[in-house]
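> Build the 3D model from these lines:
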Amino acid sequence: MFIINILPMKKFILVLFLTLCSNYILLNAQEATDPIVQIEKNDEAKVRFGLHGMGSVDWLTPENQKKFLSGGVGIGYGWGPQLEFRLNKKTMLRTGFNLYSSHSSIDYSPEDLAFDSLYFFLDTDENYVDWDEAVSYENSVYDINSNYSIYHLKRREFRSSYVNIPLSIKMKTNEIGYFTYFGEVGTMFGFKTKSISNDQCIRMSIADSTGLISPTPSSNDIVNKSDIDFSRGTQPIRGALTVGFGAEYNFSGTTSLFFAGHFVYDFINTLRSDKREPFLRRYYNDNYDPVGAFSAMRSVRLSVGILF
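Down below sits the predicted model:
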C-alpha cells in the first residue's frame, strides 16, 4: 500500500520540477528581450566603463576687476575614458581622465578702467623674454637690451591643454521609461601640458630720458602676436569643484548612452600672481612693477558618451 502511494508522489514531484524548470527558462527568455529588466540588471554592475566627449564655454574671472576685465567667453573641448564604481543601488563613484583644451581671454587695458600701461618684451623669434633679462636697473638708471622689442599689451587670449582627473559622487533616480536621471557633485584636478597665448598689442619705441625708459607708441596700430609659448605664465595645475546633472538611455543590454551638463568652478587661479609673473610689468610713478591678472577659470560644459 505504501509503495502504491509513493509512486504518484514521485510523479508529482517530477512534474512539479519540470514545470518549474520550464517556467524558469521561459522567464529568462522573457528577461533577455525586456528592456526594463535589462535596465535593472545594469544597476547590479559593480563597475562600468565608458567613453565621452565634451564641449564647453570657458571664461576667466580676474580677482581685481578694477584693473582687468574678462575678455569674454571661449570654446573648449575634450574627450576621455571614465569609470563608475557602484556604491549602492543609486549611488556611484565616478572617475577617469580626459584630455581637455580651454580657451579664454583677459582685457588688460579696458577703456572704462583707469590703469597704467602694461609692457612686455619679445625676442627676435617672438618668444616672451623675462623682464629682468631685458631690463637692468642700476644707480637709478635703466638699461634695456636692444635685441628685444617692447610692446604695450591690450588683450591676451589663452589656450591651454590639460590632463584632467575628475572624482565625483553620482546619484541616480529610479528608471522612468527607458531613462535614468542623475545628479553629481565632485572635484577635478588637472595637469597642464601646454599653454600658448595670442596678444593684441602696440609696438613701442624707447626714449631714454634722465635715466628712465619712457615707452612711446611707434604706431597706434594694434598688431597681433600669435602662438607664443606661455607655459611659464600659467599655473602648472588646476583644481575645481563641479556640479552637474544628466540622463542615461539604455538601448542594448548593459550599454547606455548618456548626456550631462556641468558647471566647473576653479579654486586654483589660472594665471600667475604679481610676484610670480615673469614677463609683464606696469609703468607707474617712473617705475616698472610686476603685475599679474590673478584670475580663475569658470566653465559650463556639455558631455555625451557611452557606458558599458
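> The helix or strand harbouring M297 - what's its average pLDDT?
Assigned by DSSP states H and E, M297 belongs to strand 295-307. The pLDDT scores in strand 295-307 average 96.
> just stretch 194-207 next, same as before
Average pLDDT, stretch 194-207: 89.
> Only alpha carbons, please: show it as CSV.
What follows is stretch 194-207, C-alpha atoms only, in CSV (Å, rounded to 0.1, in the frame of the first residue of the first chain):
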residue,chain,number,x,y,z
LYS,A,194,50.7,73.2,-22.9
SER,A,195,49.8,76.8,-22.8
ILE,A,196,50.0,79.4,-25.6
SER,A,197,48.8,83.0,-26.0
ASN,A,198,47.6,85.4,-28.7
ASP,A,199,48.3,89.0,-27.9
GLN,A,200,46.7,92.2,-29.2
CYS,A,201,49.4,94.9,-28.6
ILE,A,202,51.0,98.1,-29.8
ARG,A,203,54.7,98.2,-30.7
MET,A,204,56.6,100.7,-28.6
SER,A,205,59.8,102.7,-29.0
ILE,A,206,62.1,103.6,-26.2
ALA,A,207,63.1,107.2,-25.3
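> T270 reaches Q235, doesn't it?
Yes: between T270 and Q235 a contact is recorded at 6.1 Å, counting by C-beta atoms under 8 Å. Placement of C-beta: from N, CA and C, glycine included.
> Burial check on G244, number of neighbours?
Each residue near G244 was counted by other C-beta atoms under 10 Å, and the total is 20.
> That one is in contact with E184, isn't it?
Yes: counting by C-beta under 8 Å, G244 touches E184, with 5.4 Å between them.
> Strands of the stretch 201-308 of the chain, start to end?
212-217, 223-229, 237-252, 255-266, 281-284, 287-290, 295-307 (DSSP state E, counting those that start in this stretch).
> who's more crowded, T270 and Q235?
When T270 and Q235 are compared on other C-beta under 10 Å, the one with more neighbours turns out to be T270, at 24 against 19.
> Return the distance of the more buried one relative to L60.
With distances taken as C-beta to C-beta, to the nearest Å, T270 is found 6 Å from L60.
> residues shared between the contacts of the two?
104, 158, 295-297 (C-beta atoms under 8 Å, 6 or more residues apart in numbering).
> What about those residues, which one has the most neighbours?
S104 (27 neighbours).
> Can you list the low-confidence ranges for the stretch 201-308 of the chain?
207-219 (pLDDT under 70).
> Not counting its neighbours along the chain, what's nearest H152?
In space, and not counting its chain neighbours, H152 is closest to I202: 4.4 Å by C-beta to C-beta, 6 or more residues apart in numbering.
> And for the one you found, the neighbour number?
When neighbours are defined as other C-beta under 10 Å, I202 has 20 of them.
> That one reaches R155, doesn't it?
No: contact criterion C-beta under 8 Å: I202 and R155 do not qualify, at 11.1 Å.
> where exactly do the helices run in the stretch 101-250 of the chain?
Assigned by DSSP state H, counting those that start in this stretch, the stretch 101-250 of the chain shows helices spanning 131-134.
> who touches S273 in this structure?
Counted by C-beta under 8 Å, 6+ apart, S273 has contacts 292, 294.
> Look up how far Q82 lies from it.
When distance is defined by C-beta to C-beta, S273 is 34 Å away from Q82.
> Show me the beta-bridge partners of the residue nearest the centre of the chain.
Nearest residue to the geometric centre of the chain (C-alpha atoms, centre = their mean): Y100, 6.0 Å. Under DSSP bridges, the beta-bridge partners of Y100 are G78, Y162.
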